[in-house]
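> below: sequence and its predicted model.
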Amino acid sequence: MDSQTWMVFIDGSALPNPGKLGIGGVVYAPDGCVDAFSVPLPRIGCNNEAEARAAIHAFEWLLAKKARHVWMYTDNSILAAQLSLAEPKQIERLAAVYDKARTLAKRFDSMRVSWIPRHKNPIADALARGDWEGAGFGAVEATALA
């Protein structure tokens, strides 16, 4: 990783699965600043859709910040494959959301995605469930990165 790479850990939640969606993530800027997001979505869906929507949210925010190099971490192996394989397996029901995530990912000079086990993604997991305190941010009224 070079000194210009932004690191982002994302997660999506569907409670129950399928159920009410939430997305969350934490972004580490090259200058050491840390931002986070926790957004309940006004829709019902599955955890795979929530994960893709978390990636989309993070990509859009990073593009607005003029990030050029991104390393994304997700505990969802399907999303990791959708973003990293040249020809990922088509999932018809989620094709549009995965296409949007891939289109955004291509706008960076470099974008790497890595799958990590869920236990190594506790901050994003808590944020996807709206648990700012569990993520270590204390009580937060407003949503950051919105």
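Okay, I see it.

> let me see the backbone angles for residue 75.
Torsion angles at residue 75 (phi, psi; degrees, to the nearest 10) stand at phi -100, psi 20.

> just residue 115 next, same as before
Residue torsions, per degrees, to the nearest 10, at residue 115 are phi -80, psi 140.

> now the one 10 residues further on
Listed backbone geometry of residue 125 is phi -60, psi -50, with angles given as degrees, to the nearest 10.

> for residue 129, see how far away the residue nearest to it when sequence neighbours are not counted is.
Using Cβ to Cβ, 6 or more residues apart in numbering and skipping the chain neighbours, the partner closest in space to residue 125 is residue 11 (4.8 Å). No exception for glycine: its C-beta is placed from N, CA and C like everyone else's. Computed as Cβ to Cβ, to the nearest Å, the residue 11 to residue 129 distance reads 9 Å.

> and the two? Which one has more around it.
Shown here are residue 11 and residue 129; by other Cβ atoms under 10 Å, residue 11 has more neighbours (28 against 19).

> and the more buried one, which of the three is it?
strand (DSSP: H, G, I helix; E, B strand; the rest coil).

> swap in the one 10 residues further on?
Three states are possible here, and by three-state DSSP the one that applies to residue 21 is strand.

> quick one: it and residue 13 touch, right?
Yes. Here residue 21 reaches residue 13: they are 6.9 Å apart, a contact under Cβ atoms under 8 Å.

> and for these two, which residues touch both?
Counting by Cβ atoms under 8 Å, 6 or more residues apart in numbering, the contacts common to residue 21 and residue 13 are residue 50.

> list the buried residues for the longest helix anywhere in the chain?
In terms of residue count, the longest helix belonging to the chain (DSSP state H) is helix 47-64. Residues 47-59, 61-62 are the ones in helix 47-64 that count as buried (16 or more other Cβ atoms under 10 Å).
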